[in-house]
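1. Here is a sequence together with a model predicted from it:
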Amino acid sequence: MSGTTKVMQNNKRLGETRLDRGSLAVLGKGVDRFEGPLKVSGRATYAYENLRGQDVAYGYIVTAGTGSGTIKRIDTLKAMSLAGVLHVVVDDTAPRASADPNDNKPASIKGAVTHFGQPVCMVVATSFEIAREAASLVEIEIEPSEGKYDLTEEKDEAYDPGDGTMPSTVEKGSFDKAFASAETQLDVTYTTPSQSHSAMEPHAAVAVWEGNDLTLYGCYQLVSTNVPQLAKALGISASHVHLVNPFIGGGFGGKLGIGPESVFAAMAAREIGRPVKVALTRQQVYQGTSRRSDTIQRVRIGATKDGRITAIAHDTITGNTRGDDFFEPAGISTQFLYAGDNRQITHRKADVNILLSSSMRAPGEAVGMLATENAMDEMAEKLGLDPIEFRKRNEPEVDPQEGLPFSSRMLIECMDEGAERFGWEKRPKAPMSRREGEWLIGYGMAAASRKNLLQPSEARVTLQADGHALVETDMTDIGTGTYTILQQITAEMLGLPLGHVAVKLGDSKLPQGPGSGGSWGANSSGSSVYAACEGIAGVIAKKLGVEAGDLTLKDGMATAGNKRTPIAEVLGGEPIEVTGTFKPGKAFQETHQASYGAHFCEVAVNAVTGEARVRRLMTVAAAGRILNEKTATSQCYGGQIFGIGSALTEELIIDPRTGLMVNHDLAEYHVPVNADVPQLEVVLLPERDTAAGLLAGKGIGELAICGVGAAVTNAIYNATGVRVRDYPMTLDKVLAGWAQTKRAA
Ligand code: MOS
């Protein structure tokens, strides 16, 4: 082997690339995930399934049964006396999930109980059952203190948390003045409840030590940041941590940071000199990892009579535990979605004694747009405009906050395409005007937007002498399709059959990828794979003495002009190995980048019970180049279903007396089931965004969740005449709305 070549590429604007020449046209196609059969047949090894049948011990975490207080005493005597119990890990630096994936200092509890269900210690035994039994024998004495369990009660105490994933305050012009003098005004407040990620795979870890070296089989989204987090929590150097993480059963943000299971597993395994397995129970995942904060969102819009927005404000209050400054950035899309010279977007945080709030699927837009896209609907009605027309009148030429050009923006195309396909012109023009038996029928729409994020990424691609290629990076596939997309990119770039490309992910010994989060994964890691493949083409071109740009790789042949050489001959028995590095560059900073979409929904609401059923749901999305039609569509289905949940059922209920999360499992936390979900439609518009990474694609994972719940509730308003501004829109609220209308009449 001639050693590793390294190539680096910034995302400068590329014109036509090797991908567009499409010699195979395999990129973009909806090919099946090659690891799918492994998953459905149980052969994909998830974290907890490692070291099956080996001499491992099992941990069971003991949690606090009080919402706020100080730990006075932990008595493990009875637990330790049970046959089969090996150890109890008690540590006042007991870990918890970190809100910030870049934060490698998991907060220490130091004897303080900050929320109900907080992990306190862990019993280790020869079987899971014994560990669980012994856990019930651990006595924890907590001196309770008064807790703050209700965001609404604390809202007057909310303060500026400082800048987070977006600035806490964004202003332009003079909102107050412009709003006061606006011809038409809307001033409404929406509330959204706490939500749980509810990934299918509960958090799990298996820890094995060899001397000072830890191997941790885990299920995390961001390998390259999870390693230093883990090292820090254990007080060891990151070079001693090997994280193995090839399959992850969903994350949705709940696995961005490390969880208590991995740190406890590692501490216990070190102590007893034997591998330790820990899985959180479903209840522990709910109560002990993280949640999306509830929000109180005031939206004000001032507009001219003909519907031009002159003033827009979006002020959000969220909650988090003291010392954790993460806030739900609900106003992200309000910064750029609609025009208006006078703008104010603020986020304030109140301290509460409720589970850590952190990133959950499209942190910001997912609940922020429930408010703003309802408000746009309310304002359109006030103005007597069709909601699509109102949005079109406020389409900005450039990013209205910073004045940056949009890299590409197809919001209007998405709305037009959706309106046409959905039959928007047939929508009931007035609320409560269409009825089928005892069902009231309504149509609603909402815009979608999700800021495009890019991260530095590294990947190694090796073209072997036998015409097979291997892609290696510590990037993760959390169920999204990363494996297959990276395979497609490599096959397209090197002109290989798909089956000749192997992909290895989720191992911290591999080059550092961006991890899965913020919908940046596919385009960031894909860009580094692109760079590596372009590097391989460069090496081949050099060997042939031709320009890389003139070289086509296809069917095992390297062709440039009239020169055709078998690639095997060029390689001469030696593999070519190139590490590609991608860094977001100028094109990223000089343009405003986001994906766009539009949702259309038809609901039927029972005129007697107020029960809402989603009948049709269509999302039209534009997110640059689509890398795999099937996985992109699946991501959109997920967003749509998430949206139905946000609109109708999802709500974590916290007991205001004790801080207990009442509905801490899937039986009581209601995510949509098949019967709640109609046939979903997703339309992906063709687009290339050449400023967004080397693939000309933008994030799509989280796009469809943005705004979709508002399309549902706008449809419910259209059906019933009831505006519920307190999510979720359960039937009791619809009935209360009708009762109020009747009383008023
Ligand atoms: Mo996503 S909430 O960034 O995993």
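-> Great, that's in hand. Residues are numbered from 1 along each chain as shown.
2. can you pull out the strands in the stretch 201-350 of the chain?
-> 204-210, 213-217, 241-244, 276-279, 295-303, 309-320, 342-351 (DSSP state E, counting those that start in this stretch).
3. what's the most buried one of those?
-> strand 276-279 (a mean of 28; mean count of other CB atoms under 10 Å). Backbone N, C-alpha and C define where each C-beta goes, glycine included.
4. Who are the packing partners of that strand?
-> strand 57-63, strand 204-210, helix 260-272 (3 or more CB pairs under 8 Å, 6 or more residues apart in numbering; DSSP states H and E).
5. 10 Å - rerun?
-> When contacts are defined as 3 or more CB pairs under 10 Å, 6 or more residues apart in numbering; DSSP states H and E, strand 276-279 sits against strand 57-63, strand 85-90, strand 119-125, helix 128-135, strand 204-210, helix 260-272.
6. Please convert the ones you listed to a markdown table, extending it with mean pLDDT.
-> As requested, the helices and strands packed on strand 276-279 are exported to a markdown table (pLDDT from 0 to 100):
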| stretch | mean pLDDT |
| --- | --- |
| strand 57-63 | 97 |
| strand 85-90 | 95 |
| strand 119-125 | 96 |
| helix 128-135 | 98 |
| strand 204-210 | 98 |
| helix 260-272 | 96 |
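7. can you put the ones you listed in TSV and add distance to the ligand?
-> Listed next are the helices and strands packed on strand 276-279 as TSV, based on distance: least, CB to the nearest ligand atom, whole Å:
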stretch	distance to the ligand
strand 57-63	23
strand 85-90	28
strand 119-125	22
helix 128-135	29
strand 204-210	18
helix 260-272	17
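8. What residue in the stretch 401-550 of the chain comes nearest to the ligand?
-> Gly517 (3.5 Å; CB to the nearest ligand atom).
9. Just to be sure, Ala366 is in a helix?
-> Yes - under DSSP: H, G, I helix; E, B strand; the rest coil, Ala366 falls within a helix.
10. Can you tell me how far the closest residue to it other than its chain neighbours is from Gln640?
-> Leaving aside its chain neighbours, Ala366 sits nearest to Ile705 (4.9 Å; criterion: CB to CB, 6 or more residues apart in numbering). For Ile705, the distance to Gln640 (CB to CB, to the nearest Å) stands at 8 Å.
11. swap in Gln488?
-> Taking CB to CB, one finds Gln488 at 24 Å from Gln640.
12. so where do the helices sit in the stretch 301-450 of the chain?
-> Counting by DSSP state H, counting those that start in this stretch, the stretch 301-450 of the chain has helices at residues 365-383, 387-393, 411-422.
13. winner for burial among those helices?
-> Buried most deeply of those, by mean count of other CB under 10 Å, is helix 365-383, with a mean of 26.
14. need the residues of this structure near the ligand, please.
-> Gln221, Gly251, Phe252, Gly253, Leu256, Ser359, Met360, Arg361, Pro363, Gly517, Gly518 (CB under 6 Å from any ligand atom).
15. so the fourth one sits right up against Tyr220, yeah?
-> No - with contact defined as CB atoms under 10 Å, Gly253 does not reach Tyr220; the gap is 11.5 Å.
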